[in-house]
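Give me a model of this one.
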Amino acid sequence: MACRISELVIDAEDPDRLAAFWCDVLGYVELAREEDGSVQIGPPDVGFGGAQPTLVFGAGRNPRAGKLPLHFDVNATDRDQDAELARLLALGAVPVDIGQTGGENWHVLADPEGNEFCLLRAQLKAV
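Next comes the predicted model:
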């Protein structure tokens, strides 16, 4: 028997703002809101325990200098990479320079709180 990732927990200065951003990026919906200010989001009509992990944005932030040890990679499901990049930028993502040469087939971006993620080239089927 093996484990699988059921949820990812992310500290956030503004859990509502990050939850809204990532709902727009991933097509997720808000699943739960706790008294401590945390917000859980996940796939619509599935919720916790489905094939895709849910995300929990918890109130609180311990700023960390330098590159984070974990980041998300995302792929478009219904458009090409250029169109998805334009959509993500319109949602509030910002480009990040981590020393790319310009020849990479991915884009490094940051969410509204500066958490880095990459938009990869391949288009995937929606789950």
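
How about the contacts made by the most centrally placed residue in the chain?
Centrality entry for the chain: nearest residue to the mean C-alpha point is residue 22, 5.1 Å, by Cα atoms, centre = their mean. Residue 22 is in contact with 28, 41, 55, 57, 111, counting by Cβ atoms under 8 Å, 6 or more residues apart in numbering. All C-beta spots, glycine's among them, are computed from the backbone N, C-alpha and C.

What is the neighbour count of the last one?
By that I understand residue 111. 21 (other Cβ atoms under 10 Å).

Make residue 1 into 57 and carry on from there
Yes, from this point I'll number from 57; that puts the last item at residue 167.

Give me the three-state assignment for the residue nearest to the centre of the chain.
Residue 78 falls in the helix class when you classify it by DSSP: H, G, I helix; E, B strand; the rest coil.

Ok, residue 159 next?
Going by three-state DSSP: residue 159 is coil.

Count the residues that sit near it.
5.

And the one 10 residues further on, by the same measure?
For residue 169, the number of neighbouring residues by other Cβ under 10 Å comes to 16.

Which of the helices or strands spans it?
For residue 169, there is no helix or strand it lies in under DSSP states H and E.

ranges for the strands of the chain?
63-68, 85-89, 95-98, 110-115, 128-130, 150-151, 163-166, 172-175 (DSSP state E).

For those strands, state which one has the densest average packing.
Ranked by mean neighbour count, the strands of the chain are led by strand 95-98 with a mean of 23 (mean count of other Cβ atoms under 10 Å).

Contacts for that strand next, please.
63, 71-72, 75, 78-79, 82, 84-90, 104, 106, 108-113.

can you rerun that using 6 Å?
Strand 95-98 is contacted by residues 71, 75, 79, 84, 86-89, 110-113 when judged by Cβ atoms under 6 Å, 6 or more residues apart in numbering.

Could you pull up the contacting residues of residue 129?
174, 176.

I misspoke; the intended subject was residue 84.
With Cβ under 6 Å, 6+ apart, residue 84 has these contacts: 97-98.
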